[in-house]
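S.K.: Provided below are the primary sequence and the corresponding predicted coordinates.
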Amino acid sequence: MIPKTFKEVIDLGDGREISIETGKLAKQAHGSVVVQSGKCMLLCTLVSNYKQSDVDFLPLTVDYREKFAAAGRYPGGFFKREARPSDGEVLTMRLVDRVLRPLFPKDYHAETQIMIQLMSHDEDVMPDAMAGLAASAAIQLSDAPFECPISEVRVGRVDGEFIINPTRAQLKNSDIDMMIGASADSVMMVEGEMDEISEEEMTEAIKFAHEAIKKQCEAQVKLAEAFGKKEVREYDGEREDEELEQKIHEMAYDKVYAVAKAGSSKKERSTAFGEIKEEIVNSFSEEEVENFGDLISKYYSKAEKAAVRDLTLNEGLRLDGRKTDEIRPIWCEVDYLPSTHGSSIFTRGETQALATVTLGTSREANQIDMPSYEGEETFYLHYNFPPFSTGEARPIRGTSRREVGHGNLAQRALKGMVPEDCPYTVRVVSEILESNGSSSMATVCAGTMALMDAGVKIKKPVSGIAMGLISNADSGKYAVLSDILGDEDHLGDMDFKVTGTEDGITACQMDIKVKGLSYEILIKALKQAREGRLYILGKLTDTIEAPREDVKGHAPKMITRRIANEFIGALIGPGGKVIQELQKETGTEIVINEDPVTEEGIVEILGTNQEGINKVMAKIDSITFKPEKGSVYEVKVIKILDFGAVVEYVDAPGNEVLLHISELAWERTNNVTDVVNMGDVIDVKYFGVDPKTRKEKVSRKALLPRPPREDKKGRIITKSNCS
């Protein structure tokens, strides 16, 4: 029996559409949809346990995977099956999770799993732009509690025109690549990269995306109604005690307010807040602590949050004593590590990043192998966040999703400033040594200086800043915070990271926790961010004004040569013998790639010793040497034969040609050694290939004056009267 299906279609314009269908696949999941655009199909399922977990948070897992079969390909590696998620898949998971998580009830703690799978791939459709829509639609078809439908779209701009969910080809010509997540009422998430656009242009892009998202939210509601929207399940929420909450608020609020107003360091605040909490806990009996311990901690945290927020709204002061638009003290240093190709330290308040740059050949490019995209990155950035950076000791279990996300943001901020003709593969690594607010933005700043220290000719320096927001819907008060602390990120209503040059924005990441943020506040935050960015940029350029003229002495120099494809085999040699011996002899690394467009070979020569690089260049010159007809060349005699001398071009060692005995002199030559001997250096003229012998012909006598001779009538013939 064919199952009954339900379907809604969303018009994207330009003849494109997205369909949402349910009823055919994965019916045992609590919610299941297939989202399709063109040939691209995503299957999304939701399962949420009916029993609450014994934790005080929502154990939500968003998993996004791309199946290689979707693109008619095999997975790479020895075992031909999909393994751990790629960085690209992890980034998509984060984009979806960040929008969904705040919309589940705060007291809903059931294990919840959302699985999104790319089942069919279309070269003209980027699947990550539909993942948020698929996840929200699956939730709408389930009985899981959720505030409202959301969706996500990608926005590009080509030739001044905004485009929803552009193709990868369109994106190459776009000056904006932004993902926006929102409900019908509120923008909740923004992330992307831009080509130095203005704050107003960014706001217009967000507005354009929001209009498209509203249509997608409406389609989800219609689909759920047609399918038969389930009643939201009942669950055991967190217990509450209003009387206890009021009591703890009265005990904690004023004391926390006083500590917050004092303006202290992270460690001092943490100790003082801990003492207040301990004092409150000690005021209860053992029996009360046993019965209400979790509520005491919860209500203390609420009181602490209220006091800190009120301090900022009422007095314009922050936890560390700064004003709302004030940046923490900054100090920077470059060339700190003696053996790296480039290094820098960026310290802002209690956040510190140590960045290194490594220069390499195209062989070191970062290979991307996903069903939806294959390619390579010649500029990439890795971000590491060890536990000691926050004074903690915890297990290290590989690279976290957070590290992947923060590294990607910093990479997007900087990559547009690396020139396209940069000969190197460039790897930047950021080690976070201290963290109290916006280590990703510290990474951008440290990365900028490390690149300049390494001699990478970046177009312009880039800085970054994290902005926050504290607002009160009842009073209408709000405060935009520059350079937020970790605590302000936790207790605030917005975490907005923005990077850019002096001329515009290059990347951003925004998570909004408050419903209905106005564009007025958003523009104010962007303008205030620009002021902070430019201030920080000044600190960077005070430390290192411009990229170094050349790479460091111990760093590899890169020379790139193009040669005709016909010479590649000669340079490599049989079994790679020539190139391997050349690398060993010169201490260089030689990489050869073929350019399919020009049908040339691109030879990369990387080495720290200029003499070695010069030897490689000379070898290439020798291999690719082609004498020009009619030109004169200096040659060296390397072999004497009865019928001539074998000579080698001085400027192209290894290239030999026979100088026939008849071409040594105008006079009859009986012995070659009467004219030349081993080791002699002489000039010869090149005549090309002799059509009779089919061999190359050179001549010494052609460069000598022809002696006089008699014709048949006895007249003297010289070169000047020869007809």
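M.R.: Done, it's in.

S.K.: Report how many residues lie close to the closest residue to Asp63 other than its chain neighbours.
M.R.: Counting by CB to CB, 6 or more residues apart in numbering, Asp63 lies nearest to Met115, which is 4.9 Å off, once chain neighbours are set aside. For glycine as for every other residue, the C-beta is placed from the backbone atoms N, C-alpha and C. Counted by other CB atoms under 10 Å, the residues lying close to Met115 total 19.

S.K.: helices and strands of the chain: which one has the lowest mean pLDDT?
M.R.: strand 716-717 (a mean of 64; mean pLDDT, DSSP states H and E).

S.K.: show me the contacts for the residue nearest to Asp63.
M.R.: Residues in contact with Met115 (CB atoms under 8 Å, 6 or more residues apart in numbering) are 44-45, 63, 65.

S.K.: any idea where the helices of the stretch 601-723 of the chain begin and end?
M.R.: Here the stretch 601-723 of the chain has its helices, by DSSP state H, counting those that start in this stretch, at 610-623.

S.K.: Any regions of it where pLDDT drops low?
M.R.: 709-723 (pLDDT under 70).

S.K.: State the distance from Thr45 to Met115.
M.R.: Counting by CB to CB, to the nearest Å, the gap from Thr45 to Met115 is 5 Å.

S.K.: Revised request: answer the last question for Met178.
M.R.: Taken as CB to CB, the span from Met178 to Met115 is 26 Å.

S.K.: With Tyr253 instead?
M.R.: Using CB to CB, we find Tyr253 at a distance of 44 Å from Met115.

S.K.: Ala570 too?
M.R.: Applying CB to CB to Ala570 and Met115 gives a distance of 54 Å.

S.K.: How about Arg363?
M.R.: 37 Å.

S.K.: Starting from the one helix or strand Leu42 maps to, tell me which strands it pairs with and how they run.
M.R.: Under the criterion of DSSP states H and E, Leu42 resides in strand 40-52. Note on strand 40-52: by DSSP bridges, its sheet partners are strand 31-37 (antiparallel), strand 110-120 (antiparallel).

S.K.: That one: which residues count as buried?
M.R.: 40-48 (16 or more other CB atoms under 10 Å).

S.K.: tell me which of those is nearest to His341?
M.R.: Within these, the smallest distance to His341 is 41.0 Å, found for Cys40 (CB to CB).

S.K.: center of this structure, which residue is that?
M.R.: Centroid-nearest residue in the chain: Gln411, 3.7 Å away (criterion: CA atoms, centre = their mean).

S.K.: now the helix or strand hosting that one: mean pLDDT?
M.R.: Using DSSP H and E, Gln411 sits within helix 401-415. Helix 401-415 comes out with an average pLDDT of 96.

S.K.: by contact count, what packs against it?
M.R.: Other elements packing on helix 401-415 under the criterion 3 or more CB pairs under 8 Å, 6 or more residues apart in numbering; DSSP states H and E are helix 87-100, strand 187-197, strand 379-384, strand 425-434, helix 439-453, strand 494-501, strand 504-512.

S.K.: and with 6 Å instead?
M.R.: helix 87-100, strand 379-384, helix 439-453, strand 504-512 (3 or more CB pairs under 6 Å, 6 or more residues apart in numbering; DSSP states H and E).

S.K.: For that helix, list every residue counted as buried.
M.R.: For helix 401-415, using 16+ other CB under 10 Å, the buried residues are 403-415.

S.K.: Spell out, range by range, the strands that occur in the stretch 201-350 of the chain.
M.R.: 330-334, 342-348 (DSSP state E, counting those that start in this stretch).

S.K.: now the angle from the shortest one to helix 439-453?
M.R.: Relative orientation of strand 330-334 and helix 439-453, computed by axes from the mean of the first three to the mean of the last three CA atoms, to 10 degrees: 40 degrees.

S.K.: which neighbours does strand 330-334 have in its sheet, and in what orientation?
M.R.: Looking at strand 330-334 with DSSP bridges, its partner strands are strand 342-348 (antiparallel).

S.K.: okay, the very next helix or strand once past the strand it pairs with in CSV with CA atoms only?
M.R.: Once strand 342-348 ends, the next helix or strand along the chain (criterion: DSSP H and E) is strand 351-360. Coordinates of each C-alpha in strand 351-360 appear next as CSV, following Å, rounded to 0.1, in the frame of the first residue of the first chain:
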residue,chain,number,x,y,z
THR,A,351,42.1,36.8,26.6
GLN,A,352,45.4,35.8,24.9
ALA,A,353,46.1,34.2,21.5
LEU,A,354,49.4,33.0,20.2
ALA,A,355,49.3,32.7,16.4
THR,A,356,51.9,31.0,14.1
VAL,A,357,52.2,31.0,10.3
THR,A,358,53.7,28.2,8.3
LEU,A,359,54.5,28.5,4.6
GLY,A,360,54.4,25.6,2.2
